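Enquirer: I'd like to go over a predicted model; first the sequence, then the structure.
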Amino acid sequence: MAVSADVRLGANRFTGDLAEYRIQATAAEVSVDVTLTGQIPPWRPATGHMLFGPERDLEFAWLPSVPQGIVTGSYTVDGVTRQASGVGYHDHNWGNVGIMKIIHDWYWARGQAGQYSVIASFITAQKKYRYQTIPLFMLARDGHVLADDASLVRFQTEGVYTDETTGKPVATVSRYVYEHNDDRIVVSFTRERDLARERMVDALTWPKRLAAKLARFDGAYLRFTGPMTINVYKAGILTEQHSQDAIWELMYFGHSRPPADA
């Protein structure tokens, strides 16, 4: 059965079929007409579903429908149209429970270097689920997925510091180590610059902000940029190394964890 989307809101339209998506939209004096064409087939980690609770009936699902793609199109501002192109990505998550009830924090990253493309995440569940961790990992080369067995991945951090704005612990380096037989692939993200440092309560209206503070909610969102480095080892010998700037994030719903909980 063919899978497609066709969403319309007035003259605005979003269409797609997992291989190609198009967005046509206008707001005031700004309009866009953008097409995203996938270079890597739609992918999901295992079934794409993560299940929580003693009955495993609390569900969080995730689908990167375009793990990496080419963006082409145009945008118009005040009657002046310009052409644009670049690299794109599209994913979607959904579930039957609020994310804050099941997830404490996550690192999520994507990037490309050389012939390789990476999507990686490390999810930590809430305290009631004993801070169980869920690694997610996809490595593709030349548009084909090479590695996505998260059970073979170790997550590591270095240079952890406390962010002054959000009060959250942040890793200067986050690293995903994939090992299978004699092969080892090490993907490292090194923070050079912050793109966002936000306390979630600051975006709320005053009544909601007061309610959030009374509930002791102190969620935060941080986004970073810097080099992603991919080292490929064969039988312990470094055979490839690639590096390119990437973007990754830290989403923090829970309270900062004391060392005893780490």
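Expert: Looks like it came in fine. Note that the structure is predicted; figures quoted are calculated from it, not measured.

Enquirer: I figured residue 116 was touching residue 241, is that so?
Expert: No. Proximity of residue 116 to residue 241 does not meet the contact threshold set by CB atoms under 8 Å, at 10.7 Å. Heads up, the C-betas are built off the backbone N, CA and C, glycines and all.

Enquirer: looking at the chain, which residue lies furthest from center?
Expert: Distance from the C-alpha centroid of the chain peaks at residue 79, with 34.5 Å (CA atoms, centre = their mean).

Enquirer: Tell me which residues touch residue 228, please.
Expert: 109, 111, 113, 118, 187-190, 243-246 (CB atoms under 8 Å, 6 or more residues apart in numbering).

Enquirer: Just the buried ones among the residues you listed, please.
Expert: Using 16 or more other CB atoms under 10 Å as the burial test, the contacts of residue 228 include 109, 111, 113, 118, 187-190, 246 as buried.

Enquirer: Quickly name whichever of those is closest to residue 36.
Expert: Using CB to CB, residue 111 comes nearest to residue 36 of these, at 17.1 Å.

Enquirer: Tell me who's in contact with that closest one.
Expert: Here residue 111 is in contact with 117-118, 189, 228, 244-248 (criterion: CB under 8 Å, 6+ apart).

Enquirer: Check the burial of the closest residue to residue 49 other than its chain neighbours by counting its neighbours.
Expert: Take residue 49 and drop its neighbours on the chain: the residue closest to it by CB to CB, 6 or more residues apart in numbering is residue 61, 4.8 Å away. The tally of other residues near residue 61 (other CB atoms under 10 Å) stands at 15.

Enquirer: before we move on, what about residue 11?
Expert: Look at residue 11: counted by other CB under 10 Å, it has 9 neighbours.

Enquirer: Residue 57 now?
Expert: Residue 57: 10 neighbours (other CB under 10 Å).
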